[in-house]
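Peer 1: Next come a sequence and a model predicted from it.
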Amino acid sequence: MRVIDTVTELRAALDAERAAGRAVGLVPTMGALHEGHLSLVRRAVAECDVVCATVFVNPLQFGPHEDFDAYPRDLDTDAALAAGAGAALLFAPLTAEMFPAEPCTTVHVAGVSEGMEGASRPGHFDGVATIVTKLFAIAGPCRAYFGEKDFQQLAVVRQLVRDLSLPVDVVGCPTVRDVDGLALSSRNAYLTAEQRQSALVLHRALCAGAAAVAAGETDPATVAELMASIVAAEPEVQLDYAEAVDPRTLRRPAALDGEVRLLVAARVGTTRLIDNLGARTPGAAPNHDHHHPEQGATVPAARTDHQESH
């Protein structure tokens, strides 16, 4: 695997791959790679000819009291893991390479960036949208892989690609969980053994919400209150929000109908965790649109010789 740390070198490398007729896959990360990230790399490897993973801890998406300085960084380990999953390139720039000066331009995605994470972390999604747009501009036409674990982030990225007609297919991939149901996250490393047990309440709450929806509950407030009550019963966990929303708009509808996305966020000790789960009202036909690529503009076709079926 080739490690690249400059914008010029990455752009030239990926341009050369496309000129040779190869489809490019991009997996943007902030490092501290775990099985969730590696599942994205493997999916990209299965569907593309050459895969570039990126490791960049983006200062723009951290608030003034968040964990930017403490965020785990271990490039050697990340590089070994990315290579083992099949990445051909790893883009690992320094902050000075990506932002030589305070950027005068930021990207704001209205609508889906508001509420939930947007309300709890003001400015966070502007930072996400800005760095993702910058990475897409550097990488060029590609398929970009993101986990559904950050479901609101995925919605923001899809919206900016549509609105700006970027030559990128955005592919959402299912959340990877540990055997006990805890969603994999780089921030899980902050949890003590006892806190990790407490954190399992998030998945239990989501499963209870999904069961209620499947049983016919159509009031989003009732489902949200059910999830909140389950989290509240765990004394070590402080709920931030619990929501039942339309997965396309991320708004709470008047009544749940068809596909539903349940989302929770909470603090376990000082560590903030998020999780989400899809649900469906009785009789609704499965809708797999959110698993399929969303196109902004034309990009090279993905390889089809051993592509995963959805």
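Peer 2: Perfect, thanks for sending it. Numbering: from 1, shown residues only.
Peer 1: With residue 24 as the reference, measure out to the nearest residue to residue 11 once chain neighbours are set aside.
Peer 2: Nearest non-adjacent residue to residue 11, counting by CB to CB, 6 or more residues apart in numbering: residue 138, 5.6 Å away. Backbone N, C-alpha and C define where each C-beta goes, glycine included. Residue 138 sits at a distance of 12 Å from residue 24 (criterion: CB to CB, to the nearest Å).
Peer 1: since we're on the residue nearest to residue 11, how many residues are nearby?
Peer 2: 19 (other CB atoms under 10 Å).
Peer 1: hang on, it in a strand?
Peer 2: No - Residue 138 is assigned helix when assessed by DSSP: H, G, I helix; E, B strand; the rest coil, not a strand.
Peer 1: how close does it get to residue 231?
Peer 2: 40 Å.
Peer 1: quick one: contacts for residue 220?
Peer 2: Applying CB atoms under 8 Å, 6 or more residues apart in numbering to residue 220 gives the contacts 243-245, 252-253, 255-256, 260.
Peer 1: would you list every one of the helices in the stretch 1-150 of the chain?
Peer 2: 7-19, 35-47, 75-85, 95-98, 117-120, 124-139 (DSSP state H, counting those that start in this stretch).
Peer 1: now the ones you listed in a markdown table, with distance to residue 156?
Peer 2: Below are the helices of the stretch 1-150 of the chain laid out as a markdown table (distance: least, CB to CB, whole Å):
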| stretch | distance to residue 156 |
| --- | --- |
| helix 7-19 | 23 |
| helix 35-47 | 17 |
| helix 75-85 | 24 |
| helix 95-98 | 19 |
| helix 117-120 | 9 |
| helix 124-139 | 5 |
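Peer 1: Now mean pLDDT too, for those, in JSON lines please.
Peer 2: Listed next are those as JSON lines, based on pLDDT from 0 to 100:
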{"stretch": "helix 7-19", "mean pLDDT": "98"}
{"stretch": "helix 35-47", "mean pLDDT": "98"}
{"stretch": "helix 75-85", "mean pLDDT": "98"}
{"stretch": "helix 95-98", "mean pLDDT": "97"}
{"stretch": "helix 117-120", "mean pLDDT": "95"}
{"stretch": "helix 124-139", "mean pLDDT": "97"}
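Peer 1: starting at the chain centroid, how far to stretch 167-176?
Peer 2: 8 Å (CA atoms, centre = their mean, to the nearest Å).
Peer 1: what about it, how long is it end to end?
Peer 2: Taking CA to CA, to the nearest Å, stretch 167-176 runs 27 Å from one end to the other.
Peer 1: Contact partners for the spatially closest residue to residue 29 that is not a sequence neighbour?
Peer 2: Excluding its sequence neighbours, the residue lying closest to residue 29 (CB to CB, 6+ apart) is residue 37, at 5.2 Å. Shown in contact with residue 37 (CB under 8 Å, 6+ apart): 27, 29, 53, 81, 147.
Peer 1: Where does pLDDT dip in the stretch 201-310 of the chain?
Peer 2: Along the stretch 201-310 of the chain, segments meeting pLDDT under 70 span 286-310.
Peer 1: State the pLDDT value of residue 68.
Peer 2: pLDDT recorded at residue 68 is 89.
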